[in-house]
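J.: following is a predicted model, sequence given first.
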Amino acid sequence: MVIANDTEIKNIWLLLKTVTDPEIPVLTVTDLGIVRDVKINGASVEIIITPTYTGCPAMDMISMNIRMVLAENNYKNIRITSALSPAWTTDWMTEEGKRKLKEYGIAPPNPRQQVCNDKLFAADEAVQCPHCSSYHTHRISEFGSTACKALYQCDDCKEPFDYFKCH
């Protein structure tokens with residue numbers, strides 16, 4: 001089967017929108033923005049992905065799930081390539097993905113922090129509680145349920161919650 005047209009590439013992107021993150025099942029790999037490119041060369045399909053951070057344990061499962069959904073849709077020659085540069089950033093997440101995070105109970109990443117005099121401004125971020133929308137929150141731990149999240153607590157509703165860290 002020779003595939004090399006825009007319709008096939010669009011079809012593959014639609015299939016990728018069904019592959020969820022094993023750690024946050026309400027998000028797809030396209031919501032996260034980790035799919036960098038789809039390439040077709042004859043009967044071969046290459047999906048280029050970037051982990052949310054180097055060593056992310058979910059990437060093996062994500063790669064396997066991408067491979068499975070493509071194979072289920074008659075794509076046979078599949079290569080998953082990991083690209084580490086440029087590094088993934090929360091700026092690559094879709095607005096829909098950020099909305100899904102909040103609805104799931106995880107505070108989405110804030111816009112990128114400001115740089116002042118060539119240094120990252122290190123003040124604590126104002127993180128909005130995904131439960132009651134209060135900004136009266138504080139960080140409990142730099143690491144939450146996974147390394148890409150920090151653990152916060154709301155001072156108003158008292159609920160703990162994960163915050164998807166900006167990076």
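T.: Good, I have the coordinates.

J.: state the pLDDT value of the most centrally placed residue in the chain.
T.: Nearest to the geometric centre of the chain sits Leu32, at 2.6 Å (CA atoms, centre = their mean). On the pLDDT scale, Leu32 is placed at 96.

J.: do you know how far it is from Pro25?
T.: Summarising the geometry, the distance separating Leu32 from Pro25, computed by CB to CB, to the nearest Å, is 12 Å. C-beta: built from backbone N, CA, C; applies to glycine.

J.: what of Met64?
T.: Plainly put, Met64 is 15 Å away from Pro25 if you go by CB to CB.

J.: next: Thr81.
T.: As for Thr81, its distance to Pro25 is 24 Å (criterion: CB to CB).

J.: swap in Ala147?
T.: Applying CB to CB, the value for Ala147 to Pro25 is 18 Å.

J.: the two - which one has more neighbours?
T.: Taking other CB atoms under 10 Å, Ala147 and Pro25 do not tie; Ala147 has more neighbours (14 against 9).

J.: ok, that one - contacts?
T.: When the contact criterion is CB atoms under 8 Å, 6 or more residues apart in numbering, the partners of Ala147 are 53, 56.

J.: and the pLDDT for it?
T.: According to the model, Ala147 scores 83 on pLDDT.

J.: quick check: Glu23 touching Met59?
T.: No: between Glu23 and Met59 there is no contact under CB atoms under 8 Å: 10.5 Å.

J.: neighbour-wise, which of the two wins?
T.: Using other CB under 10 Å as the criterion, Glu23 and Met59 rank with Met59 on top: 19 against 16.
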